[in-house]
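K.L.:
following is a predicted model, sequence given first.
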Amino acid sequence: MRVIIVTDKNQMGRVSADLIVSDMKRKCPYTLGLATGSTPVPLYKEFIRRNHEGQIDFATVMTFNLDEYVGLEPTHDQSYRYFMNKELFDHVNISKKLTHVPDGRARDVAASADAYEAQIRDVGGIDYQVLGIGSNGHIGFNEPGSSLSSRTRKVRLTQNTIRDNSRFFARKEDVPTEAVTMGIGTILESRKVVLLASGANKVEAIAKAVEGPVTATVPASALQMHPHVTWVVTRDAATGLRLEWEQA
Ligand code: F6R
């Protein structure tokens, strides 16, 4: 397990882009697992810059996002499909047909979640999965108590997550209460994983996930079991870590 402590969000974006881009050069076609939220935005900015400078080609890249709110149309400005288009897909030479986000509007969410799993399997799995972490230790929308072998499914969001995410909505009441998320078992099957964390509100989650026991109470702690995981953490999010980790 590798933990890299970086000075700020921009360095977090550069360091994580370096990891992923060097792996992308190794294999074609390539499958990326992507996250939304504010944390990966500096990474997506790096992807866009490097794509414009000709350093990375997205033409044969396929993507699978971790999660989507139940009930939001893809055109809703808080849906994760909308977010991905705005923050990454609209600015690089990716084919939108090769980008996948779980369907939050499916009539049969369970069947659609199973189909999402099958699609990931059919393309040979995810090469590099990008993750953020919730202040409660969630990854994707696998809230505390999620089975460490869970698969893509519909979940109920905790009050903690609804409160954290209400900053993006006009009113807390507008935040959806359910989502579809890849499971922890699904995430652990990715060949490589990079988890990004920035900000003082992630101190406790990072300390528990990186150096605490592996437990369903802290879903991100399951990554300690992954053979190729890198945690890229800004200094202000790393103040709860006690072991000697790499400084970028
Ligand atoms: C979103 C996701 C979530 C976020 C987490 C942190 O696709 O998977 O687990 O990564 O809630 O969100 P931010 O980055 O906004 O603090």
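P.N.:
Sure, I can see it.
K.L.:
okay, CA-based contacts and neighbour counts for the rest of this
P.N.:
Fine.
K.L.:
flag every buried residue along the lowest-mean-pLDDT helix or strand in the chain.
P.N.:
Least confident helix or strand, the chain: helix 159-165 with a mean of 93, by mean pLDDT, DSSP states H and E. Residues 161-162 are the ones in helix 159-165 that count as buried (16 or more other C-alpha atoms under 10 Å).
K.L.:
what's downstream of it, the next helix or strand?
P.N.:
strand 178-181 (DSSP states H and E).
K.L.:
which strands or helices does that next one pack on?
P.N.:
Helices and strands touching strand 178-181, as assessed by 3 or more C-alpha pairs under 8 Å, 6 or more residues apart in numbering; DSSP states H and E, comprise strand 67-69, strand 153-156.
K.L.:
now do that strand: distance to the chain's middle.
P.N.:
14 Å (C-alpha atoms, centre = their mean, to the nearest Å).
K.L.:
swap in stretch 113-133?
P.N.:
11 Å.
K.L.:
low pLDDT regions in this protein?
P.N.:
In the prediction, the chain carries no residues with pLDDT under 70.
K.L.:
what parts of it come near the ligand?
P.N.:
With C-alpha under 6 Å from any ligand atom as the criterion, the chain meets the ligand at residues 35-39, 66-67, 131-134, 138-141.
K.L.:
how about the helices and strands packed on strand 178-181 in TSV, adding distance to residue 210?
P.N.:
Putting the helices and strands packed on strand 178-181 into TSV (distance: least, C-alpha to C-alpha, whole Å) gives the following:
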stretch	distance to residue 210
strand 67-69	23
strand 153-156	24
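K.L.:
tell me the most buried of these?
P.N.:
strand 67-69 (a mean of 28; mean count of other C-alpha atoms under 10 Å).
K.L.:
helices and strands around that one, which ones?
P.N.:
So strand 67-69, by 3+ C-alpha pairs under 8 Å, 6+ apart, packs with helix 80-87, strand 178-181.
K.L.:
just the ones you listed: most buried one?
P.N.:
Comparing those by mean count of other C-alpha under 10 Å gives strand 178-181 as most buried, with a mean of 24.
K.L.:
quick check: next helix or strand after that strand?
P.N.:
Following strand 178-181 in sequence, per DSSP H and E, is helix 184-188.
K.L.:
show me how far the helix ranked longest in the chain is from its chain's centre.
P.N.:
As assigned by DSSP state H, the longest helix anywhere in the chain is helix 9-24. In terms of C-alpha atoms, centre = their mean, the centre of helix 9-24 is set 14 Å apart from its chain centre.
K.L.:
need the CA coordinates for that helix. PDB is fine.
P.N.:
Extracted as PDB, the C-alpha positions of helix 9-24 are listed here (Å, rounded to 0.1, in the frame of the first residue of the first chain):
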ATOM      1  CA  LYS A   9      -5.000  20.000  -4.400                       C
ATOM      2  CA  ASN A  10      -3.100  21.000  -7.600                       C
ATOM      3  CA  GLN A  11      -0.200  18.600  -6.600                       C
ATOM      4  CA  MET A  12      -2.800  15.900  -5.800                       C
ATOM      5  CA  GLY A  13      -4.100  16.300  -9.400                       C
ATOM      6  CA  ARG A  14      -0.700  16.100 -10.900                       C
ATOM      7  CA  VAL A  15       0.500  13.100  -8.900                       C
ATOM      8  CA  SER A  16      -2.600  11.100  -9.500                       C
ATOM      9  CA  ALA A  17      -2.600  12.000 -13.200                       C
ATOM     10  CA  ASP A  18       1.000  10.800 -13.400                       C
ATOM     11  CA  LEU A  19       0.000   7.400 -11.900                       C
ATOM     12  CA  ILE A  20      -2.900   6.900 -14.200                       C
ATOM     13  CA  VAL A  21      -1.400   8.300 -17.400                       C
ATOM     14  CA  SER A  22       1.700   6.100 -17.100                       C
ATOM     15  CA  ASP A  23      -0.600   3.000 -16.700                       C
ATOM     16  CA  MET A  24      -2.800   4.100 -19.700                       C
END
